[in-house]
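In: my questions are about this predicted structure, shown below with the sequence.
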Amino acid sequence: MSDILKERIFIAGSSGMVGSSIKRAFLRIGFCKNSLSENLLTPTHSELDLTNYQQVDKWFQKNRPTIVIIAAAKVGGIFANSNKPFDFILENLKIQTNLIEIAWKNNIKSLLFLGSSCIYPKFAPQPIKEEYLMTDQLEKTNEFYALAKIAGIKLCQALHIQHKFNSICLMPTNLYGPGDNYHHLNSHVIPGLIKKFHFAKNNNLNSVNCWGSGTPLREFLYVDDLAEACLYIIEKWNSKTNQILIDENGEEIFWLNVGSQYEISIKDLAHKISTTIGFKGEILWDKKMPDGTPRKKLDTSKINHLGWSAKTNIDEGIKLTLEAFEKEIKTQKIRD
């Protein structure tokens, strides 16, 4: 623990749901007790445009981080991905390539890149192992976002092969938690359902319409569990000099799955959220809308073998997320 407290940590995307959670995790371990600006670097978008190469390059030279965490990304649900594919692939490629190349040029000690479970094929065998990457076709509804994330992983891997650059990529399953995006079209499933059922209850509606059939199975991970995984991997990895992580078979690890190992159907999830909120009406399913991948559950045996596992169950996570949502409404800080 003491070694990592000596580092200068740059969290790219520290204002988003994931970045904010990672920032909280570092503060929980006593990071930067004396001066937040000296050791935990969390510039806002107005302070640093990550898509601007020259800005990022100058910022690195001035602030000299030793460890970089890339939590910045343009994200969204099925509707947003399907309707703005150019925006998703271009912006994410710019952010990733700028940060990864400039981090390498500035000789940082290590870089952690956060990807997504959507990198895996639509019909990958379940649970999904890391080696299933690029073995079949992607899910069309988020193909362009997935391609950008795959490019980020492969860029890190190529830099290690050619220049021995220290990087590790974490592939989280579907995330949710405080600070999520609740936009009615661009949100992911849990924040979208929370907002729908919360509105329906407060407005005494008799029914709520949900997308698709409700049959797909999904695994969800509370965002603070992902943050703890990032902290755990950085601490474990930081104890090794010029060496990336090794799995139980002695193989180098370039990316790791991060999940809860619990899956639930979208229909059961909707009922769970509606019950937690106290909505008593009917739940209707619009089967004309896309379902996305039929099932997606990650094999997390590699990261579990390294000593990490998720702690927050789905019921507790939904309760904590709902509490945060209601607080965000009251303080007018909701992202929608």
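Out: Cool, the structure landed.
In: and the helices in the protein, which stretches?
Out: Assigned by DSSP state H, the helices in the chain fall at 17-28, 36-39, 53-63, 78-83, 85-105, 143-163, 189-202, 223-238, 266-277, 301-305, 314-330.
In: what's the least confident stretch among the ones you listed?
Out: If you rank the helices of the chain by mean pLDDT, helix 36-39 sits at the bottom with a mean of 63.
In: for residue 161, grab the count of nearby residues.
Out: 11 (other CB atoms under 10 Å). C-beta here means a position set from N, CA and C on the backbone, and glycine is covered the same way.
In: I misspoke; the intended subject was residue 180.
Out: The tally of other residues near residue 180 (other CB under 10 Å) stands at 27.
In: so what's it closest to, chain neighbours aside?
Out: Sequence neighbours aside, residue 191 is the residue nearest to residue 180 in space, at 4.2 Å (criterion: CB to CB, 6 or more residues apart in numbering).
In: same thing with residue 85?
Out: residue 144 (4.0 Å).
In: how many residues are close by the one you found?
Out: Neighbours of residue 144 (other CB under 10 Å): 20.
In: go on, the one 5 residues further on?
Out: Applying other CB under 10 Å, we find 24 other residues in the vicinity of residue 149.
In: how close does it sit to residue 135?
Out: Here residue 149 is placed at a distance of 16 Å from residue 135 (CB to CB, to the nearest Å).
In: next: residue 3.
Out: 38 Å.
In: those two: which is more packed in?
Out: Here residue 3 and residue 135 are compared on neighbour count by other CB under 10 Å; more neighbours surround residue 135, at 12 against 9.
In: so the more buried one touches residue 124, yeah?
Out: Yes: look at residue 135 against residue 124 with CB atoms under 8 Å: they come within range, at 7.1 Å.
In: who's in contact with residue 181?
Out: 17, 75-76, 187-188, 191, 335-336 (CB atoms under 8 Å, 6 or more residues apart in numbering).
In: can you pick out the most distant pair from those?
Out: For the contacts of residue 181, the maximum inter-member distance is 14.2 Å, found between 75 and 336 (CB to CB).
In: what's the closest non-adjacent residue to residue 127?
Out: Nearest one to residue 127, counting by CB to CB, 6+ apart, is residue 299 at 4.0 Å.
In: my error: substitute residue 43 in the last question.
Out: Nearest to residue 43 is residue 59, by CB to CB, 6+ apart, at 7.0 Å.
In: pretty sure the one you found sits against residue 48.
Out: Yes: in this structure residue 59 lies within contact range of residue 48 using CB under 8 Å: 5.3 Å.
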